[in-house]
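A.B. asks: The following comprises the amino acid sequence and a computationally predicted model.
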Amino acid sequence: MVDFVLGHYAYWFTIILLAIGLYGMLIKDNLVKKTIGLSIFQTGVILFFVSIASKWGATVPVKSDEFPVTEVANYMNPLPHTLMLTAIVVGVATLGVAFALLITIYNRYETLNEQELLEKIQ
Amino acid sequence: MIGSDIPALIPITFLAFAVLIPLLGLWKRHLSYYWAVLGATIATGFSALGFYNYISGSETIRYFFGGWEPPVGIEFVYDGLSGFIVLVINTIALFVLIHSRLIGKREFPGKVTGYYSVAMLLMLGFNGMVLTGDLFNLYVFLEISSLASYALIGIGEKRAPYAAFRYLIIGTVGGSLYLLGVGFLYTVTGTLNIIDMAAMLPEVIGNSAIITALALMVAGIGIKAALFPLHGWLPDSYSYASSTSSALIAPIGTKVAAYVLLRVVLYLFGVDIIDSAIPITDIIGILAGIGILYGSVMAIAQSDLKRMLAYSSVSQIGYIIMGISLANPFGFIGAVLHVLNHALMKACLFLVSGNLRLKEGHTDITKFDDSYRKKYPWTMVAFTTAALSMVGLPPLAGFFSKWYLALGTIENSNWLLLSVILISSLLNAVYFFRILEKVYLRDPESTDEKTGIISSLTTNEVKPSMLWTTSIIAFGILAVGLLNAFIVSAIVTMFPAGL
């Protein structure tokens, strides 16, 4: 049991981040806090990809004379990291659109609290 | 010569116009509409050419970007199914964009340049999702199309930005769940290419990471496709967005997500793996069935036409997903055929609601009466055609997809879903005949004295750009119904392996 917990500790952080993100989106009334929850959720997924690429005792994926290229166990897997560069850009774009919408909502209703907003909409 | 480059040319056309429109908009803003229509026309031309090549016997085109062969590089796969879906969505988008000129002047004046640029990005995302053969690339295109649709929905009525924000939160969670599923698959197989991964998955059957990935991906795509308990974002988004946005996103967006689900379930995993640990097809089949009934009942309860159509979308997407969940040839034909049929019907109905909104300023069903038939005779003919097709009257397109779905449920001896199809046809009849009864039989005098009889007798039909697009799509519903044997014979060639 202890081995199971300690052996997967990177994944526990991912799960905790996903849970915090979901909590923020579901429970918080303030729309900005919901957006922050969304960002934490996305970060959880990004860290998951980063952690699956790492290996014990491996080095950065830059070719060196010390290790031959054929021994893949010597190198970290660079592909998930490069994928996450794209995912980070997607996350930034999502935040941008979310804040643009929030500015419009605030200009129209002068509140970002979901309960007040729903009352004003009714 | 041009044939082998078609998979890349279609999305690149939209990308080029998405960049060109804002630049040319600096020069003459009112030309943005024409550039957008031009872009959609070129892309539709490429799609039609590609599908013509496929029909006349050409092989599946696999386009390798930068010359890097998969699994190292990213490829676009133009086979029968993706070619068919691309042709459908680009044709619908072309008609909706032609229709949008006057709506644009009225509903988002001064924003046309940005609007059409984002619409091009939306189509880039949808075409990329359909054509790509790489799971991570699919995520990127999914997010491009989603971000564009949040922006398009945000331009609308007063409540539209809040609806768009809710969609953004829910939709991004869906995208993230899909990405998490891709991560699980990557750890097991070490590849992201769909064809490559499909060949490897049978060797690792029973691996718990595969099952987790399947569950995460189905949940993520289910949010995008508005599968029953995950549909909460849809009604508000579609009813408060501008008429063009709803007409663009409603017929295309959820269909593309359903297509991705079809790819993942039947092509990537295959019928053997999907049900190996958890009965995922049964689960989505039951959810689709509940969604069909729930959407229809909620549609009956709405008093606004656009909102009714939005709930009807929840119901109709259920048919497509039910066809996927049957995982047999008839279900597959029904699902693919219903993508085409529902795209045509929903586009036609949303264009009609756009026509009414432009002329009357509202789409409140309780105010509909006999005068509408006299004022807008051809719009109402289009509406009636689409409504009867939704109900499933035989010569029209909607009948045939329901027919194949019913055959599929009989083949699986799934009497529960068969009864869902039959009951929902009755419910469809209830909510459409409710409107038809008002439009054709209700006497205007009894409702409102301000709408004088003299003015109501003269036709006040919408402008040709709107009338012709609506009418051509309505005619398309009839044509697809009559040519259905030919279309089905084309769909039969698209079956995934093992079906």
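C.D. replies: Right, received. Where do you want to start? The model shown is predicted, which means the values in this text are computed figures rather than measured ones.

A.B. asks: And the helices in chain A?
C.D. replies: For chain A, the helices defined by DSSP state H occupy A:2-7, A:9-27, A:31-52, A:78-109, A:114-121.

A.B. asks: so what does the second one touch, helix or strand wise?
C.D. replies: Taking 3 or more CB pairs under 8 Å, 6 or more residues apart in numbering or on different chains; DSSP states H and E as contact, the helices and strands that helix A:9-27 lies on are helix A:31-52, helix B:160-189. For the C-beta atoms, the positions are set from N, CA and C on the backbone; glycine is no exception.

A.B. asks: just how off-centre is the last one within its chain?
C.D. replies: Between the mean C-alpha point of helix B:160-189 and the mean C-alpha point of its chain there is a distance of 19 Å (CA atoms, centre = their mean, to the nearest Å).

A.B. asks: Format the CA atom coordinates belonging to the helix or strand following it as PDB.
C.D. replies: Scanning forward in sequence from helix B:160-189 by DSSP states H and E, the next helix or strand is helix B:194-200. Written as PDB, here are the backbone C-alpha positions of helix B:194-200 (Å, rounded to 0.1, in the frame of the first residue of the first chain):
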ATOM      1  CA  ILE B 194      -4.700   6.700 -35.100                       C
ATOM      2  CA  ILE B 195      -4.000   4.000 -37.700                       C
ATOM      3  CA  ASP B 196      -0.700   3.000 -35.900                       C
ATOM      4  CA  MET B 197      -2.400   2.900 -32.500                       C
ATOM      5  CA  ALA B 198      -5.400   0.900 -33.800                       C
ATOM      6  CA  ALA B 199      -3.000  -1.800 -34.900                       C
ATOM      7  CA  MET B 200      -1.300  -1.900 -31.500                       C
END
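
A.B. asks: Buried residues, helix B:194-200. List them.
C.D. replies: Buried residues in helix B:194-200, counted by 16 or more other CB atoms under 10 Å in any protein chain shown: B:194-198.

A.B. asks: pLDDT and distance to chain A added to those, as a markdown table?
C.D. replies: Shown next, in a markdown table, are the buried residues of helix B:194-200 (pLDDT from 0 to 100; distance: CB to the nearest CB, whole Å):
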| residue | pLDDT | distance to chain A |
| --- | --- | --- |
| B:Ile194 | 89 | 16 |
| B:Ile195 | 88 | 18 |
| B:Asp196 | 88 | 14 |
| B:Met197 | 88 | 14 |
| B:Ala198 | 87 | 19 |
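
A.B. asks: Now the residue most central in space within chain A: closest residue in space, sequence neighbours ignored.
C.D. replies: Closest to where the C-alpha atoms of chain A average out (CA atoms, centre = their mean) is A:Thr43, at 1.1 Å. In this structure, A:Thr43 finds its nearest non-sequential neighbour in A:Leu17, 6.2 Å apart by CB to CB, 6 or more residues apart in numbering or on different chains.

A.B. asks: Quick one: neighbours of the one you found, just the number.
C.D. replies: 19 (other CB atoms under 10 Å in any protein chain shown).

A.B. asks: Test my guess that it contacts A:Leu38.
C.D. replies: No: if you go by CB atoms under 8 Å, A:Leu17 and A:Leu38 don't touch, sitting 12.0 Å apart.

A.B. asks: For residue 117, list the residues it contacts.
C.D. replies: Just so you know, I chose chain A. A:31, A:105, A:109, A:111, B:162 (CB atoms under 8 Å, 6 or more residues apart in numbering or on different chains).

A.B. asks: oops, I was thinking of chain B
C.D. replies: B:Ser117 neighbours (CB under 8 Å, 6+ apart): B:18-19, B:21-22, B:25, B:32.

A.B. asks: just checking, B:Trp415 touches B:Thr409?
C.D. replies: Yes: between B:Trp415 and B:Thr409 there is a contact under CB under 8 Å: 7.4 Å.

A.B. asks: more neighbours, these two?
C.D. replies: B:Thr409 (27 against 10).

A.B. asks: where does that one land in three-state SS?
C.D. replies: Assigned by DSSP: H, G, I helix; E, B strand; the rest coil, the conformation of B:Thr409 is helix.
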